[in-house]
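**Student:** Below is the sequence, then the predicted model.
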Amino acid sequence: MTPSAIEALFTRADGQYLFARWGRPIVPVVFGVDEATLALVKGAVEAVVTLAGHRMAETDPELGANLMVFFFRDWAELPEVPNLDRLVEGLGPLCARLAAAEANQYRIFRFDAAGAIRAAFVFIRMDAHLEAVPAEALALSQAAQVMLLWSDRAFTESSPLAMAGETLVLRPEIGAVIRAGYDPVLPAMADQPSHAYRLAARIAPEI
């Protein structure tokens, strides 16, 4: 993972470099799935949190739950969720745009005064493509993508996952970036590309 490769993971389509990690323990809640899938999603989040050296908690003192994951089949369902429009401004028009684009997933982040992630909303529309993805893969992929504020283009060409024999795992380089991103010496938010060099310096001995 060269500095330029890492920089690309956090450089958005508009050319802005923007990195952020969670600044508080993560408290996930999952809607629209059965108990087995719920356990998979929470287990995947816990695994990535452990990899990062971060923490989970039973409740967030401000929000109760700060990572909300919604599974559904039609974008029109989301505006009908009670009080969700209070948490996500412009929810109706957003869902209309996503439906028109035939999107099957979307993530929204909220930040604290220091720029660290304070909450995230993950919307997953189970279309034919995602229906074909094993639940374990979907859960681990979403957990990885919500752990840092990746570029909107970071995983458009390749998945954050790989096979290790018959086991599905995070790609080693992606796991290394997540772990490096949570180094307490580094800032919780960075908007200068030079930050990628600091991440690379922490990854070089690992992979």
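**Tutor:** It's in.
**Student:** got the contact list for the residue nearest to L9 when sequence neighbours are not counted?
**Tutor:** Distances taken as CB to CB, 6 or more residues apart in numbering place A154 nearest to L9, at 4.8 Å, with adjacent residues excluded. Just so you know, the C-beta spots here come from the backbone N, C-alpha and C atoms, and that holds for glycine as well. Going by CB atoms under 8 Å, 6 or more residues apart in numbering, A154 touches A8, L9, F10, Q145.
**Student:** Kindly report the same for A180.
**Tutor:** Here A180 is in contact with L186, L199, R202, I203 (CB under 8 Å, 6+ apart).
**Student:** so it, which of the three states?
**Tutor:** Of the three states, A180 takes helix under DSSP: H, G, I helix; E, B strand; the rest coil.
**Student:** does the nearest residue to it once chain neighbours are set aside count as helix, strand or coil?
**Tutor:** Distances taken as CB to CB, 6+ apart put R202 closest to A180, at 4.0 Å, once the chain neighbours are dropped. Three-state assignment for R202 (three-state DSSP): helix.
**Student:** Surely R202 touches Y182?
**Tutor:** No. Judged on CB atoms under 8 Å, R202 makes no contact with Y182 at a distance of 10.0 Å.
**Student:** circling back: distance of the residue nearest to A180 from G181?
**Tutor:** According to CB to CB, to the nearest Å, R202 stands 9 Å off from G181.
**Student:** Pick out whichever of those two has more residues nearby.
**Tutor:** G181 (27 against 16; other CB atoms under 10 Å).
**Student:** The more buried one and L199, how far apart?
**Tutor:** 6 Å.
**Student:** A139 now?
**Tutor:** Taking CB to CB, one finds A139 at 25 Å from L199.
**Student:** Summarise which helices and strands the top helix by length along the chain is packed against.
**Tutor:** Taking DSSP state H as the criterion, the chain has its longest helix at helix 35-52. If you count contacts as 3 or more CB pairs under 8 Å, 6 or more residues apart in numbering; DSSP states H and E, helix 35-52 packs onto strand 28-31, strand 67-72, helix 135-147, helix 172-181.
**Student:** Return the distance of the residue most central in space within the chain relative to Q105.
**Tutor:** Nearest to the mean C-alpha position of the chain, by CA atoms, centre = their mean, lies V146 at 1.2 Å. Applying CB to CB, the value for V146 to Q105 is 11 Å.
**Student:** which residues do the two both contact?
**Tutor:** Both V146 and Q105 are in contact with V122, where contact means CB under 8 Å, 6+ apart.
**Student:** Make CSV out of the contacts of A154 and add secondary structure, pLDDT and neighbour count.
**Tutor:** Formatted as CSV, the contacts of A154 follow (DSSP: H, G, I helix; E, B strand; the rest coil; pLDDT from 0 to 100; neighbours: other CB atoms under 10 Å):
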residue, secondary structure, pLDDT, neighbour count
A8, helix, 96, 15
L9, helix, 97, 22
F10, coil, 98, 24
Q145, helix, 96, 20
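**Student:** Cool, thanks, talk later.
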